[in-house]
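**Q** one predicted model, sequence on top.
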Amino acid sequence: MGIELDTVRKSFGGRAAVNGVSFEVPGGALFAVVGPSGCGKSTLLRLIAGLEAPDQGRITLNGKEVAAPGVFVPPEERQVGVVFQSYALWPHLTVAGNVAFPYQAQGMPRQEADTRAAEHLKTVSLEALADRRPEALSGGQRQRVALARCLAGAARTILMDEPLANLDPHLRGTMETELRAFHDRSGVTTLYITHDQREAMALADLMAVMNAGEIQQFGTPQEIYERPCNEMVARFIGRGALIPTEEAQGMARQGIAVMGAAKGPGTMLVRPKDIAVSAEGQPAQIVTVQYRGGVWEAVALCEGLSAEVMLDLDRPVRVGERLNITVAGGWVLPG
């Protein structure tokens, strides 16, 4: 195992920030935790890093128990590197100096520390900028320096807390690619905290959706997107409409939509990909529309359904325009 939590709890002022969280992440995986602000994501990271001690439960990193009743391994002995939004680089040191610092702090000779730092800078493709100071770097370059410094600290687990939050939107796509490439080259286990579910799905091998201190669902990005376990996950991940259904002849039904097997009333998630425009469909009226570069994202009220649905169109539409739609798919939420 890379990261293992067993019934971990942490409260502040009588309120549970992390409430009985358990999961197992294989070594070498990139694991993303998403959720709304205040759900406990950053507290979870601080518990794993050793910056907070759990009130209850066990935390194991790379097969070593680091927190449990009567056990607390300090942060500097956990082989964990943390990348915060600010990157926390030494402004008076060069790029190479920042990366070499953990080695020099251990008493390693300067020349050997510089040699090892150069290897880590090669991993993050910054060897050409070794002599620059942080103030002369872009946000993405500073982030890569922080990652290289984690490797210099012998980190086997890297924890990232909203690492792209301070970057311009046009840089985030590039940095997502670079972060994934860094992870694959380094072989470390990565915990990636973010409120941006699109970012998490683009990067992660595994992800979890967190809310009110609890893990709502754990799985691959595809599993969580296509088969959310409850309404909170369905609303938070991706776009879609939640439609109440009734059971008829063993099937979940709502107006023009007929989904999978059902044993009673339930809720059906219909995503834009499940809606098709068809001359044989039911009349629907456009309620809102936004242009998203080649795609018009629309919300429509359909006469054959009891709720508004979302659809993606490849042509311009106007509010109030009418068209015919059919429901070609969907997912009935468990329970």
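**A** Okay, I see it.
**Q** tell me the secondary structure at Ala154.
**A** coil (DSSP: H, G, I helix; E, B strand; the rest coil).
**Q** that one and Gln79 touch, don't they?
**A** Yes: in this structure, Ala154 is within contact of Gln79 by Cβ atoms under 8 Å, at 5.6 Å. C-beta: built from backbone N, CA, C; applies to glycine.
**Q** quick check: longest helix in this structure by residues?
**A** If you go by DSSP state H, the chain has its longest helix at helix 169-186.
**Q** next, the buried residues of that one.
**A** By neighbour count, with 16 or more other Cβ atoms under 10 Å as the criterion, the buried positions of helix 169-186 are Leu171, Arg172, Met175, Glu176, Glu178, Leu179, Arg180, Phe182, His183, Ser186.
**Q** quick one: those residues as CSV, columns for distance to Phe84 too.
**A** Listed next are the buried residues of helix 169-186 as CSV, based on distance: Cβ to Cβ, whole Å:
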residue, distance to Phe84
Leu171, 18
Arg172, 17
Met175, 15
Glu176, 18
Glu178, 18
Leu179, 15
Arg180, 20
Phe182, 16
His183, 17
Ser186, 18
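**Q** just say helix, strand or coil for Thr288.
**A** strand.
**Q** cool, Thr267 as well?
**A** Put simply, Thr267 is strand when judged by three-state DSSP.
**Q** burial measure for the nearest residue to it once chain neighbours are set aside, as a count.
**A** Closest residue to Thr267 apart from its sequence neighbours, by Cβ to Cβ, 6 or more residues apart in numbering: Leu333 at 4.8 Å. For Leu333, the neighbour count with other Cβ atoms under 10 Å is 18.
**Q** Leu333: what's it in contact with?
**A** Pro228, Cys229, Asn230, Glu231, Ala234, Leu242, Gly266, Thr267, Met268, Leu269 (Cβ atoms under 8 Å, 6 or more residues apart in numbering).
**Q** roughly how far apart are it and Met310?
**A** As judged by Cβ to Cβ, to the nearest Å, Leu333 and Met310 stand 17 Å apart.
**Q** one more: Glu178?
**A** 32 Å.
**Q** show me where the stretch 151-300 of the chain has helices.
**A** 169-186, 197-203, 221-226, 231-236 (DSSP state H, counting those that start in this stretch).
**Q** list the buried residues of the second one.
**A** So that's helix 197-203. For helix 197-203, using 16+ other Cβ under 10 Å, the buried residues are Gln197, Glu199, Ala200, Met201, Ala202, Leu203.
**Q** among those, which two are most distant?
**A** Pairwise distances among the buried residues of helix 197-203 were taken by Cβ to Cβ; the largest, 11.0 Å, belongs to Gln197 and Leu203.
**Q** show me what contacts Glu321?
**A** Contacts of Glu321 by Cβ under 8 Å, 6+ apart are Gln285, Ile286.
**Q** lowest average confidence, helix or strand, in this structure?
**A** Every helix and strand in the chain was compared by mean pLDDT, DSSP states H and E; the lowest is strand 257-261, with a mean of 58.
**Q** ok, Ala128 to Phe101 distance?
**A** 20 Å.
**Q** if you count what's nearby, which of these two comes out ahead?
**A** Taking neighbours as other Cβ under 10 Å, Ala128 and Phe101 compare with Phe101 leading, 18 against 9.
**Q** tell me which element that one falls in.
**A** helix 95-105 (DSSP states H and E).
**Q** mind listing what's buried along the helix or strand following that helix?
**A** Downstream of helix 95-105, the first helix or strand assigned by DSSP H and E is helix 110-123. Applying a neighbour-count criterion of 16+ other Cβ under 10 Å, one finds Ala113, Asp114, Arg116, Ala117, Ala118, His120, Leu121, Thr123 buried in helix 110-123.
**Q** can you check stretch 217-229 too?
**A** Buried-residue list, stretch 217-229, by 16+ other Cβ under 10 Å: Gln217, Phe218, Gly219, Pro221, Ile224, Tyr225, Arg227, Pro228, Cys229.
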